[in-house]
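> sequence-free structure coming up:
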């Protein structure tokens, strides 16, 4: 299973770390936590996050 730190995930999705945290706070995306309480994201989260970005772009047109 591939998983990414919040920094790696931000680079893959072209979002800032603060935006990812905001989306998580709003329950649009979710992260899992390691034993040291650091966030990590699964590969499947990338497609979902890209879908959210597309919806946001459509809503602002």
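Sure thing, it's come through. Just so we're clear, the structure is a prediction, and the values are computed from it rather than from any experiment.
> Please name the residues that touch residue 32.
The contact partners of residue 32, by C-beta atoms under 8 Å, 6 or more residues apart in numbering, come to 3, 39, 40, 41, 42. From N, CA and C alone the C-beta is placed, and that goes for glycine too.
> can you map out the helices along this protein?
6-13, 17-25, 44-59 (DSSP state H).
> which residues does the nearest residue in space to residue 10 that is not next to it in sequence contact?
Excluding its sequence neighbours, the residue lying closest to residue 10 (C-beta to C-beta, 6 or more residues apart in numbering) is residue 17, at 5.0 Å. The neighbourhood of residue 17, defined by C-beta under 8 Å, 6+ apart, consists of 6, 7, 10.
> Which of those sits closest to residue 58?
Lowest distance from residue 58 to these (C-beta to C-beta) belongs to residue 10, with 22.2 Å.
> that older thread, in JSON lines: the contacts of residue 32, plus distance to residue 25 and neighbour count.
Converted to JSON lines, the contacts of residue 32 look like this (distance: C-beta to C-beta, whole Å; neighbours: other C-beta atoms under 10 Å):
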{"residue": "3", "distance to residue 25": "20", "neighbour count": "15"}
{"residue": "39", "distance to residue 25": "12", "neighbour count": "19"}
{"residue": "40", "distance to residue 25": "17", "neighbour count": "15"}
{"residue": "41", "distance to residue 25": "15", "neighbour count": "25"}
{"residue": "42", "distance to residue 25": "19", "neighbour count": "15"}
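> Just the ones of those residues in strands?
Within the contacts of residue 32, residues falling in strands by DSSP state E are 3, 39, 40, 41, 42.
> distance of the spatially closest residue to the fourth one that is not a sequence neighbour from residue 57?
The spatial neighbour of residue 41 that comes closest, neighbours along the chain excluded (C-beta to C-beta, 6+ apart), is residue 9 at 4.3 Å. Computed as C-beta to C-beta, to the nearest Å, the residue 9 to residue 57 distance reads 19 Å.
> Looking at these two, which one has more neighbours?
The residue with more neighbours, out of residue 9 and residue 57, is residue 9; 23 against 9, by other C-beta atoms under 10 Å.
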